[in-house]
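*Asks:* quick one, structure for this:
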Amino acid sequence: MKTVKTKVFVLLAGLVSERHSGFQMKTIKTKPFILLAASMQLIASTIGAAEASSPLDKSAADFSLEELINIKITSVSKKETRLDTAPAAIYVISQEDIRRSGLTTIPELLRMVPGINVAQIDANHWAVSSRGFNNQYANKLLVLIDGRTVYSPLYGGVDWNVRRPPVELIERIEVIRGPGATLWGANAVNGVINIITKKAKDTQGGIATISYGTEDQPYTMLNYGDQLATDLYYRGYLDYFSRDHFTTTTGQDAADSWSAIRTGFRLDWEASKINQFTLQGDYYYSKAAETFDRTSLTPPYTTTENLTGQNKGGNVLARWTHRFSDTSQLTLQSYYDHTSGTQAGVLVNDYTYDFDLQHHFALGRRQNIVWGGGYRYLAETTSGNSFASLTPADVHQQFYNIFLQNDITLIERRLNLTLGSKLEHNDSTGFNVVPSARLAWTPTEKQTVWTSVSRAVRTPSILEQSIRVNRSVIQSPTGPPILLAVLGNPNLVSEEVTTYELGYRIKPVERLSLDLATFYNVYDQLIYPIQGAPYFEAHPAPAHGVMPLIFQNSQRAETYGGELMGEWLVTDNWKLTASYTLLLTQFKPHTTGDDTSPENQFQIRSYLDLPHQVELNGAIYYVDRISPVLGNSTMNIPSYVRMDVGMTWRPTQSLEIGIYGQNLLNDQHTEFTNYATTVVTEIPRSVLGKITWYF
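*Replies:* Presented below is the predicted three-dimensional model:
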């Protein structure tokens with residue numbers, strides 16, 4: 001078996017080396033297919049001689065519905081809670097969902113979640129939000145990977161093209177729709193996404209994945225784990241990803257190709273029954289081509305430029321857990337995170353140091369308390385250009401927090417009340433208090449009714465406080481040119497929301513479960529650019545007027561709607577999942593709705609197990625029309641229907657072969673616009689072949 005492992009390592013290393021040489025973004029159409037076939041032949045020829053046990057999860061259709069709804073989750077209360085009784089709108093993307101989908105990026109996986117709007121902008125950018133306010137950097141959705149926040153305080157959002165752990169190593173993705181600020185803090189306004197990777201103990205042995213398609217060219221991942229000593233486990237991985245460019249609405253090359261290489265490790269030590277230690281880290285380097293409109297004060301005033309942004313970074317996280325008893329546990333966690341990259345030609349360096357403490361204990365038989373606190377230090381350095389700049393260019397911020405949450409059993413196995421609050425302080429807006437109250441009533445074992453009232457805040461991003469973006473120039477027929485500029489405001493305060501939720505879960509028959517969540521949100525102090533008083537500038541030449549748009553806490557809004565989801569185990573080998581999302585928005589004092597988020601969304605997914613270890617998977621998504629900003633106006637993007645189909649075959653327990661198609665109904669369609677350019681990219685139909693070997 002050692003010879004086989006060596007050959008696979010050499011093969012994968014050669015593929016990465018050939019594609020990574022000089023990190024040139026070349027389109028290679030044939031060699032990855034040859035290597036893919038060679039890998040398949042090599043693996044198949046050795047399987048019979050050295051059959052390995054496969055860590056493949058059992059098929060989703062093999063799960064009883066009881067197992068599906070009793071999944072243990074941690075994001076709602078920072079301790080294990082049953083999904084079916086959790087007093088929140090939550091959805092879990094399992095490793096089985098990830099495997100069967102064939103998808104290779106987190107945003108595409110999030111399309112499965114009711115209440116989440118995913119819109120692809122180009123080959124390497126997405127707009128992802130929960131319950132409205134979608135944008136390229138949606139600022140009301142907090143995202144974490146193993147407890148490490150990847151929400152950027154610089155621009156207020158997530159850069160999805162650099163936050164991409166290997167999907168094969170993800171245990172599950174827990175998605176909360178609605179506020180999670182009591183436990184997770186500021187910016188957990190409309191939702192929390194918690195990406196939880198597998199423990200090193202659960203990834204023993206090797207995993208080799210090679211895929212190639214019409215757009216992804218190629219994707220390779222190699223992971224190997226082993227046991228160093230008694231109760232001491234490790235794993236290490238290396239993956240490489242390359243994506244071809246898309247095309248624009250005018251049929252031109254969108255100049256948005258994307259490639260990345262990433263490596264990482266995880267070490268888990270179960271030192272004793274009461275002490276556990278985790279050390280993990282990642283490093284990545286990526287190149288993502290992008291387009292932006294550069295503004296000048298001389299004709300032609302606006303030029304479209306293509307750049308290749310280089311992004312690199314790394315992180316190290318350590319976590320120690322001490323179990324005092326079955327009902328008491330202490331966790332200490334600390335991490336360091338560094339990113340360096342460009343956005344529209346602006347170089348950004350980000351350094352984050354974070355420390356958290358959490359203690360969970362039972363107080364008597366009816367109270368379960370979680371409390372803790374944390375400290376975070378952030379340093380940002382930037383270098384601007386004629387398109388965008390920050391003043392000051394360097395920013396240093398400190399964040400402190402303390403929280404307490406009590407889960408009170410009012411009636412044993414029937415009625416639970418959860419009360420909690422978090423107190424935070426940051427250098428820009430001072431203190432914020434975010435309380436919540438949640439009530440869960442379980443009248444029978446098959447039903448749960450829950451309701452909640454929560455408050456959450458979003459702190460202004462560094463860009464909103466200190467940015468200057470020169471958007472466009474208007475040439476006056478009789479006077480100097482007029483520059484339209486977006487300006488930051490250092491006096492901004494935090495956005496606020498009060499959320500009222502009501503939900504109901506029921507299992508009316510053995511093979512069917514339904515989940516309904518409704519919400520009403522009241523927002524205040526929303527940050528939007530408002531036209532300021534014009535002024536005159538002599539520099540840079542030529543002299544010109546400035547028409548400023550200044551960020552202000554100028555808006556209020558109300559949103560309401562709901563998400564309905566059902567899971568039906570049609571037969572022992574066939575499962576259907578369907579959901580419908582309704583979102584209505586009203587702004588005050590303006591009456592226009594939130595046109596960046598669809599009013600209606602619908603999806604249905606099917607998992608079917610066929611004879612001879614063949615799986616057939618399909619999904620259909622409907623997304624309503626939107627009208628996002630395009631330059632100085634808006635663009636009407638019509639509704640669309642997306643269909644994905646995939647088939648996998650497991651000829652042995654160690655080998656899986658899959659072919660997947662996405663966006664099969666149309667050659668291409670538009671889903672969103674890019675904040676930096678008026679060039680609009682279309683999302684193409686794509687096909688992907690994938691081989692995964694467990695050894």
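
*Asks:* and the helix or strand harbouring Tyr528, what does it pack against?
*Replies:* Tyr528 belongs to strand 512-531 when assigned by DSSP states H and E. Identification of packing neighbours for strand 512-531 by 3 or more C-beta pairs under 8 Å, 6 or more residues apart in numbering; DSSP states H and E yields helix 65-69, strand 495-509, strand 544-571. (Glycine included, C-beta is placed from N, CA and C.)

*Asks:* using CSV, lay out those together with distance to Val679.
*Replies:* Output for those, formatted as CSV (distance: least, C-beta to C-beta, whole Å):
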stretch, distance to Val679
helix 65-69, 44
strand 495-509, 30
strand 544-571, 22
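
*Asks:* out of those, which is closest to Val76?
*Replies:* Val76 lies closest, by C-beta to C-beta, to one member of the helices and strands packed on strand 512-531: strand 495-509, at 12.0 Å.

*Asks:* buried ones in the closest one, by neighbour count?
*Replies:* Of all the residues in strand 495-509, those buried under the rule 16 or more other C-beta atoms under 10 Å are 495-497, 499, 501, 503-507.

*Asks:* turn those into TSV, columns for distance to Thr248 and pLDDT.
*Replies:* Below are the buried residues of strand 495-509 laid out as TSV (distance: C-beta to C-beta, whole Å; pLDDT from 0 to 100):
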residue	distance to Thr248	pLDDT
Glu495	34	97
Glu496	39	97
Val497	36	97
Thr499	39	97
Glu501	41	98
Gly503	42	97
Tyr504	45	97
Arg505	45	96
Ile506	47	96
Lys507	48	95
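
*Asks:* closest one to Glu270 out of the residues you listed, please.
*Replies:* Nearest member of the buried residues of strand 495-509 to Glu270, counting by C-beta to C-beta, is Arg505, at 34.5 Å.

*Asks:* ok so, going back, got the angle for the strand holding Tyr528 vs strand 495-509?
*Replies:* Strand 512-531 runs at 170 degrees relative to strand 495-509, counting by axes from the mean of the first three to the mean of the last three C-alpha atoms, to 10 degrees.

*Asks:* what residues of strand 512-531 count as buried?
*Replies:* 513, 515-519, 521, 523, 525-527, 529.

*Asks:* neighbouring strands of that strand in the sheet, and parallel or not?
*Replies:* Applying DSSP bridges, strand 512-531 is found paired with strand 495-509 (antiparallel), strand 544-571 (antiparallel).

*Asks:* and the last one, what's buried?
*Replies:* Taking 16+ other C-beta under 10 Å as the neighbour-count basis, strand 544-571 is seen to contain the buried residues 544, 546-549, 551-553, 555-557, 559-565, 567, 569.

*Asks:* secondary structure element holding Thr352?
*Replies:* Judged by DSSP H and E, Thr352 forms part of strand 346-363.

*Asks:* which neighbouring elements make contact with the next helix or strand after that strand?
*Replies:* Of the helices and strands lying after strand 346-363 in sequence (DSSP H and E), the nearest is strand 367-383. For strand 367-383, the elements it packs on are strand 346-363, strand 394-411, judged by 3+ C-beta pairs under 8 Å, 6+ apart.

*Asks:* please identify which of those is closest to Val469.
*Replies:* Here strand 346-363 is closest among these (C-beta to C-beta), at 9.8 Å.

*Asks:* tell me the mean pLDDT for the closest one?
*Replies:* What strand 346-363 shows for mean pLDDT is 94.

*Asks:* export that strand as CSV, just CAs?
*Replies:* Extracted in CSV, the C-alpha atoms of strand 346-363 (Å, rounded to 0.1, in the frame of the first residue of the first chain):
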residue,chain,number,x,y,z
VAL,A,346,-6.0,49.0,-3.0
LEU,A,347,-3.4,47.0,-0.9
VAL,A,348,-4.7,45.9,2.5
ASN,A,349,-2.9,44.2,5.3
ASP,A,350,-5.0,42.8,8.2
TYR,A,351,-3.7,41.5,11.5
THR,A,352,-6.0,40.0,14.1
TYR,A,353,-5.3,38.7,17.6
ASP,A,354,-8.2,37.1,19.5
PHE,A,355,-8.7,35.5,22.9
ASP,A,356,-11.9,33.9,24.2
LEU,A,357,-13.0,32.2,27.4
GLN,A,358,-16.3,30.2,27.8
HIS,A,359,-17.6,28.4,30.8
HIS,A,360,-20.7,26.1,30.7
PHE,A,361,-22.2,24.7,33.9
ALA,A,362,-25.5,23.4,35.3
LEU,A,363,-27.0,25.3,38.3
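
*Asks:* how far away is the residue nearest to Lys198 when sequence neighbours are not counted from Asp146?
*Replies:* Nearest in space to Lys198, with sequence neighbours left out and distances taken as C-beta to C-beta, 6 or more residues apart in numbering, is Glu171 at 4.5 Å. Distance of Glu171 to Asp146, computed by C-beta to C-beta, to the nearest Å: 10 Å.

*Asks:* overlap in contacts, these two.
*Replies:* Listed contacts common to Glu171 and Asp146 are 196-197; contacts here mean C-beta atoms under 8 Å, 6 or more residues apart in numbering.

*Asks:* what ranges in the stretch 301-450 of the chain fall below the confidence cut-off?
*Replies:* Low-confidence segments of the stretch 301-450 of the chain (pLDDT under 70): none present.

*Asks:* how does it look with 90?
*Replies:* 307-310, 341-347, 383-389, 428 (pLDDT under 90).

*Asks:* any idea which element Leu463 lies in?
*Replies:* Judged by DSSP H and E, Leu463 forms part of helix 462-466.

*Asks:* after that helix, next one along is what?
*Replies:* strand 467-475.
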